[in-house]
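Novice: Make a model of this:
(2 chains)
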Protein chains: 2
Amino acid sequence: MTLPEFFEPDRAAVDAALQRLLPADVTMPASIHKAMRYSVFAGGKRIRPILCIETAKIFSPQAQGAVEVGCALEFIHTYSLIHDDLPALDNDDLRRGKPTNHKVFGEAIAILAGDALLTLAFQTLAMAPVEPQRRLAVLAMIAEAAGTDRGMIGGQVADLEAEGKPGDKGMLEYIHRSKTAALIRASIVAGAIAGGAERADLGRLMSFGENIGWAFQVVDDILDVEESSEALGKTAGKDHAQKKATYPALHGLEESRDIAADLEKKALHELEFYGDRAKHLRELAQFLVARRA
Amino acid sequence: MTLPEFFEPDRAAVDAALQRLLPADVTMPASIHKAMRYSVFAGGKRIRPILCIETAKIFSPQAQGAVEVGCALEFIHTYSLIHDDLPALDNDDLRRGKPTNHKVFGEAIAILAGDALLTLAFQTLAMAPVEPQRRLAVLAMIAEAAGTDRGMIGGQVADLEAEGKPGDKGMLEYIHRSKTAALIRASIVAGAIAGGAERADLGRLMSFGENIGWAFQVVDDILDVEESSEALGKTAGKDHAQKKATYPALHGLEESRDIAADLEKKALHELEFYGDRAKHLRELAQFLVARRA
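Specialist: Below is the predicted model:
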């Protein structure tokens, strides 16, 4: 599965904006800015910003403000990885093939670098070049998706608490929808709002985002079983070692693949209304399910 | 020094709003909501919200939205205490006379509860009943004050890195202005913006907030030397034990008291323009410098 052809130019635009939005690593205190930049530029694929930008483009070709909103989403995603990797949480030494933030900068700076990226995300959103009412709607919606009540943090807590317990398919669904799908859905809906979508569009794109975000995490579970640490850039087989509830563990590999395919189908169905205007978004969704890392 | 007479009614209004804004502790996952509520309702004086509300009242008697903005500031303040107390940072067991968050809920939940309060702060700001342009200005300003570049996190990092090093008065000033004064100043300026202040007002109130916030931290340093753990509700003498640079350590107790008095004088000077309208804010400022805990 090769990357869609628009992926690299989008990624370059996002990386340039991230460079601009992050304080320089000589800004005092230098250590925190170095730590923030280390994880933001550790090789992330920029999936959330690119979903945001390509969704915005359905509604306005310039995708005004979607790059900045996308960067805020990348800051939130990066902070969540830094904190998840901490010894008190998943205790991971390796992320995207590099030592995790706390391995390089120590736990104190890693905790604060995560806090700082979350703070910078909201500062970036507050100043994004999007009409004020839409900007506030984007901000409130992203905060909810990153929060505790069926949002990213809620999913992370449920995931921690499920460790070592007998698997429960309902709980597994809650975890995947909250921990991963919520922020992916928010990336898509934020792009739609910033791009000028109407209320009816938001319903369709929320459903697209929910299903593709969920599929994304099911695929992640499958790759953790099928691929090597080297291919993934993180410790493979870790879910099994930590006795985490995953789709392959509870549903088996074959059924997990079917579930992912079914979610992808539901997601793509929501895009039919947009015809060719959603061509890029469709390619992205297919890539996210077919990826091997 | 007794509390100003408006303090208790303001505090009750803030506590009622905090109750309303925090998810119920039965909302799934319950552990994170219990942990968030534990620290928010651990006996904080609500200084930042009350500064916000009383500043807003200079410009509009109803102080529209200032309670919600104040709650967001209290969430940010509380998250910073939870993370500062972690073993990897200040490693404190006691806060406001109670076990710290990680002592009760464990490190993982404490880290995530801090993250969740920071996230909820921005969600609260995004939905506060303040005119959209002013709401965005408040949000961007608070995010900056809570951030790394002369903001709260920057001060915390500089404080960590200064530990055990020979004292440096310039660095000490940077730490106090960033770690404490920035968010206190932001509480005051946020109240002013929400209340409908003009640009010229913001200059005066920024200077008031900067000086009173700085004085507040100098007084904190003095109390750490003079008062018992019991009176403070946290471990007294800890600054000295951790070889932290403080005003008493670098300037001596008497000069530190003079510095606090001088900052208070500068702060109060900025309020003269408002005459009797700033009566409450003046009383609050005097209380913050004269307090014994």
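
Novice: helix/strand/coil for the nearest residue to residue A:179 once chain neighbours are set aside?
Specialist: Of all residues beyond its chain neighbours, the one nearest residue A:179 is residue A:155 (2.7 Å), with distances taken as CB to CB, 6 or more residues apart in numbering or on different chains. (C-beta placed from N, C-alpha, C; glycine too.) Taking DSSP: H, G, I helix; E, B strand; the rest coil as the rule, one finds residue A:155 in the helix state.

Novice: Residue A:221: which element?
Specialist: Here residue A:221 sits within helix A:199-226, counting by DSSP states H and E.

Novice: Same check on residue A:240?
Specialist: helix A:238-241.

Novice: For that helix, list every residue counted as buried.
Specialist: When burial is assessed from 16 or more other CB atoms under 10 Å in any protein chain shown, helix A:238-241 yields the following buried residues: A:238, A:239.

Novice: What is it packed up against?
Specialist: helix A:199-226 (3 or more CB pairs under 8 Å, 6 or more residues apart in numbering or on different chains; DSSP states H and E).

Novice: Now do the helix it packs on: which elements does it pack against?
Specialist: Helix A:199-226 packs on helix A:47-59, helix A:169-176, helix A:182-195, helix A:238-241, helix A:247-251, helix A:253-271, helix A:279-290, going by 3+ CB pairs under 8 Å, 6+ apart.

Novice: can you do 7 Å?
Specialist: The contact analysis (3 or more CB pairs under 7 Å, 6 or more residues apart in numbering or on different chains; DSSP states H and E) places helix A:199-226 against helix A:169-176, helix A:182-195, helix A:238-241, helix A:247-251, helix A:253-271, helix A:279-290.

Novice: before we move on, back to that, average pLDDT for the helix holding residue A:221, rounded please.
Specialist: In this model, helix A:199-226 has a mean pLDDT of 96.

Novice: mind putting the helices and strands packed on helix A:199-226 in TSV, mean pLDDT included?
Specialist: Output for these, formatted as TSV (pLDDT from 0 to 100):
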stretch	mean pLDDT
helix A:169-176	94
helix A:182-195	98
helix A:238-241	74
helix A:247-251	93
helix A:253-271	97
helix A:279-290	96
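
Novice: So which of those helices has the densest surroundings on average?
Specialist: helix A:182-195 (a mean of 28; mean count of other CB atoms under 10 Å in any protein chain shown).

Novice: contacting residues for residue A:89?
Specialist: Residues counted as contacts of residue A:89 (CB atoms under 7 Å, 6 or more residues apart in numbering or on different chains) are A:83, A:160, B:108, B:111.

Novice: how about 10 Å then?
Specialist: A:83, A:156, A:159, A:160, B:107, B:108, B:109, B:111, B:112 (CB atoms under 10 Å, 6 or more residues apart in numbering or on different chains).

Novice: pLDDT score assigned to the third one?
Specialist: What it means is residue A:159. At residue A:159, pLDDT is 93.

Novice: Same question for the first one.
Specialist: We note a pLDDT of 98 for residue A:83 in this prediction.

Novice: angle of whichever strand or helix holds it against helix A:47-59?
Specialist: Using DSSP H and E, residue A:83 sits within helix A:66-84. Orientation check (axes from the mean of the first three to the mean of the last three CA atoms, to 10 degrees): helix A:66-84 against helix A:47-59 gives 160 degrees.

Novice: so how far is the helix holding residue A:221 off the chain centroid?
Specialist: 10 Å (CA atoms, centre = their mean, to the nearest Å).

Novice: and the direction of it versus that of helix A:169-176, what angle?
Specialist: 110 degrees.

Novice: Buried residues of helix A:199-226, list them for me.
Specialist: Neighbour-count burial for helix A:199-226 [16+ other CB under 10 Å]: A:201-202, A:204-225.

Novice: returning to that earlier point: pull the contacting residues for the residue nearest to residue A:179.
Specialist: Counting by CB under 10 Å, 6+ apart, residue A:155 has contacts A:80, A:148, A:174-183, A:217, B:29.

Novice: of all these, which comes closest to residue B:287?
Specialist: residue A:148 (34.4 Å; CB to CB).

Novice: Check for me that that closest one belongs to a strand.
Specialist: No: checked against three-state DSSP, residue A:148 lies outside a strand; its state is coil.

Novice: Give me the neighbour count for it.
Specialist: 30 (other CB atoms under 10 Å in any protein chain shown).

Novice: Could you do the one 5 residues further on as well?
Specialist: With neighbours defined by other CB under 10 Å, the count for residue A:153 comes to 24.

Novice: Spit out the contact partners of it.
Specialist: A:80, A:83, A:146-147, A:178-179, A:182, B:29, B:32, B:112-113, B:115-116, B:119-120.

Novice: Can you check what angle separates the helix or strand containing residue A:141 from helix A:47-59?
Specialist: Secondary structure assignment for residue A:141, by DSSP H and E: helix A:132-145. Helix A:132-145 runs at 140 degrees relative to helix A:47-59, counting by the same axes, to 10 degrees.

Novice: Mind listing what's buried along helix A:132-145?
Specialist: So, applying 16+ other CB under 10 Å, buried residues of helix A:132-145: A:134, A:135, A:136, A:137, A:138, A:139, A:140, A:141, A:142, A:143, A:144, A:145.
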